[in-house]
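>>> Turn this into a structure:
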Amino acid sequence: MADLERMNLVVTGHVDHGKSTGLGHMLFLLGQIHDPKKKRQPWRIAEKYYKDSKATGMGSWSYAWILDPLMDERERGLTINISFQEFKTKKFIYNLIDAPGHSDFIKNMITGASQADAAILVVSARKGEFEDGTKVAGTASGKYANVIGMTTEHMLLLTSLGVTNIVVAINKMDVVDWGKERYEQIKTAIHTIFTQLMGALQIENKEARLAAIKYVPTSGLVGVNLLSKENSIKNLEGHVTAAKAGNADPEFITSLEKEIEDIKAGFEGLKWYDGPSLIESLDILESPAVRKDALAKQAIRLPIQQTLNISGVGTVLTGRLSTGVLKPNSEMVISPTKQSIEPVPITVKSIQEFHKDIPQATPGDNIGFNIKTKNVGAKDIIRGAVMSDPADPAEALKPNVDGFLSLVLVVRGLGKKAKKKDEAWGIHENYSPVVHCGTAQVACRVTAVQEKDNLGQGERGMVWMTPLTPLVVEPMAKTAALGRFALRDSGKTVAVGVVQKVERGKYAS
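As a prediction, this is how the structure comes out:
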């Protein structure tokens, strides 16, 4: 197991589509619920969640609580912050990142996706839930009116962040009587959206990436097709035996025994499906090493996620290495800082991954690293700054001086024009959305839309922008992680884009 490759896996999906329940249930079936402080057996942890959820009238949420440990999240039935779990299979050690599905917490979802090698997209098969998850431009109504389009939103953000190694879990199949026709309908709809997005964002090897997406029918609540039928039943029977030996709550034991029968019935309903289970689909994803080898040959780029000042250690930065190979005692630069837009020299003293020192970091590694510098402290380094090789530095664009040209796809209108209420605004000159690129979130002003005045919903075009505060972007051909971005306004993703070129001094007087 020590030699297994690590895979950073983000779990995304519209609120109420069952992602936390499904993934929590999968971890329980695997017997890999972690409890480092008390060292309790998996069944004992599940028993506690079973009893707690029943006591609060949220019995169906017991498996979701494995991934949603915060009390506020439990009370609201939502994932708010990104949470991390680790589990192992025969092929990978997965760093499981559970990202929020509610529109109010989409910034946290972006944080999770920006650290991922691969993703699980959970979509509900329930009539109405899937349709509302993929609607755009305010066309949903009723229960989901204020949280529309999160399935499409997450697909947009995954693609714009370059995460195309994807398993789509078509969940709640028990609600639609395990219907093959509904499964195929949803599979076709998701494929169509990904085809449009990958084309617009110039994803390399688009046809191969689309063909590699896995689709799996599941029921996270019942526990069907998360693991194979044989492993699901065998592992549950093991939990039942251990629970009885440990004098578990009789109602909890009965619930496990009923679950075994429900899983058998569920797999009978899915007898038309002969593909892999969810966990088996993960293990046939493309190895991160395939892309890492090429990325390792490029100059170092590491967007900063967090800055810490640790007593006795000093300044520690965290982030995911996008390109290059980073070793301890390396001389690097970082830009921008609160003090300077110019790259500032720093020394990387040591590198840690999962609280252990490592001899080097390679692309895709989520790391913390202790730095030494004469002029910069923890309070001076901002999230969104980029650490790079001084021989080929990543330099921040100067506000209202430097510009970048991007191919932009508009996915949502911006509201009605005041004088022409039958027309909607799109991307236009002097419009200032927030650009999400790497770990940066910076307002940028549109200076020109080439060949037309207004780029409306569903349209693509070339757009010039300049940042309102310093921002590092680079042409996608040079650094993909700093060349794809999402444009957001009032809590909604309105467009995605690909940086074509950067022009220094374009707006200098």
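
>>> From now on I want contacts and neighbour counts done on CA atoms only, so please keep to that.
Fine.

>>> can you list the domains in this structure?
Per automatic domain parsing, the structural domains of the chain span 5-286, 294-388, 403-503.

>>> In a markdown table: those, plus mean neighbour count.
Shown next, in a markdown table, are the domains of the chain (neighbours: other C-alpha atoms under 10 Å):
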| stretch | mean neighbour count |
| --- | --- |
| domain 5-286 | 19 |
| domain 294-388 | 19 |
| domain 403-503 | 20 |
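
>>> Dump those domains to TSV, plus distance to Ser509 and mean pLDDT.
Formatted as TSV, these follow (distance: least, C-alpha to C-alpha, whole Å; pLDDT from 0 to 100):
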stretch	distance to Ser509	mean pLDDT
domain 5-286	33	80
domain 294-388	19	88
domain 403-503	13	85
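
>>> Now distance to Ala396 too, for the ones you listed, in CSV please.
What follows is the domains of the chain, written out as CSV (distance: least, C-alpha to C-alpha, whole Å):
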stretch, distance to Ala396
domain 5-286, 19
domain 294-388, 6
domain 403-503, 4
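
>>> I'd guess Gly384 is in a helix, am I close?
No: read with DSSP: H, G, I helix; E, B strand; the rest coil, Gly384 is strand and lies in no helix.

>>> Figure out how far stretch 311-319 is from the centre of its chain.
Its chain's average C-alpha position is 25 Å from that of stretch 311-319, according to C-alpha atoms, centre = their mean, to the nearest Å.

>>> Other residues contacting it?
Contact with stretch 311-319 is made by 302-310, 366-372, 377-378, as judged by C-alpha atoms under 8 Å, 6 or more residues apart in numbering.

>>> give me that answer again for 7 Å
302-309, 366-371, 377-378 (C-alpha atoms under 7 Å, 6 or more residues apart in numbering).

>>> same question, stretch 40-56
28, 31-33, 59, 61-62, 65, 239, 243, 252.

>>> Return the subset of the contacts of stretch 311-319 lying in strands.
Counting by DSSP state E, the part of the contacts of stretch 311-319 found in strands is 302-309, 366-371.

>>> so can I have JSON lines of those residues showing distance to Thr439?
As requested, those are arranged in JSON lines below (distance: C-alpha to C-alpha, whole Å):
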{"residue": "Leu302", "distance to Thr439": "10"}
{"residue": "Pro303", "distance to Thr439": "6"}
{"residue": "Ile304", "distance to Thr439": "7"}
{"residue": "Gln305", "distance to Thr439": "6"}
{"residue": "Gln306", "distance to Thr439": "9"}
{"residue": "Thr307", "distance to Thr439": "12"}
{"residue": "Leu308", "distance to Thr439": "16"}
{"residue": "Asn309", "distance to Thr439": "19"}
{"residue": "Asn366", "distance to Thr439": "13"}
{"residue": "Ile367", "distance to Thr439": "14"}
{"residue": "Gly368", "distance to Thr439": "15"}
{"residue": "Phe369", "distance to Thr439": "17"}
{"residue": "Asn370", "distance to Thr439": "19"}
{"residue": "Ile371", "distance to Thr439": "19"}
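
>>> who wins for proximity to Leu397 among the domains of the chain?
The closest of the domains of the chain to Leu397 is domain 403-503. By C-alpha to C-alpha, the value is 5.4 Å.

>>> Nearest to Glu230, out of the contacts of stretch 311-319: which one, please.
Asn366 (34.6 Å).

>>> In contact with the nearest residue to that closest one once chain neighbours are set aside, which residues are there?
Computed as C-alpha to C-alpha, 6 or more residues apart in numbering, the closest residue to Asn366 that is not its neighbour in sequence is Arg320, at 4.3 Å. Residues in contact with Arg320 (C-alpha under 7 Å, 6+ apart) are 115, 302-303, 364-367.

>>> Check the spacing between Arg320 and Asn225 real quick.
As judged by C-alpha to C-alpha, to the nearest Å, Arg320 and Asn225 stand 32 Å apart.

>>> ok, back up a step: ok, of the contacts of Arg320, which one's closest to Glu257?
The closest of those, once distances to Glu257 are taken by C-alpha to C-alpha, is Gln115, at 38.2 Å.

>>> what are the bridge partners for Ala361, then?
Ala361 forms beta bridges with Leu326, as assigned by DSSP bridges.

>>> correction: Ile170
Val123, Pro217.

>>> so the nearest residue to Leu30 once chain neighbours are set aside is in which element?
Excluding the flanking residues, the one nearest Leu30 by C-alpha to C-alpha, 6+ apart is Asn235, at 7.0 Å. Remark: Asn235 resides in helix 229-245, with elements defined by DSSP states H and E.
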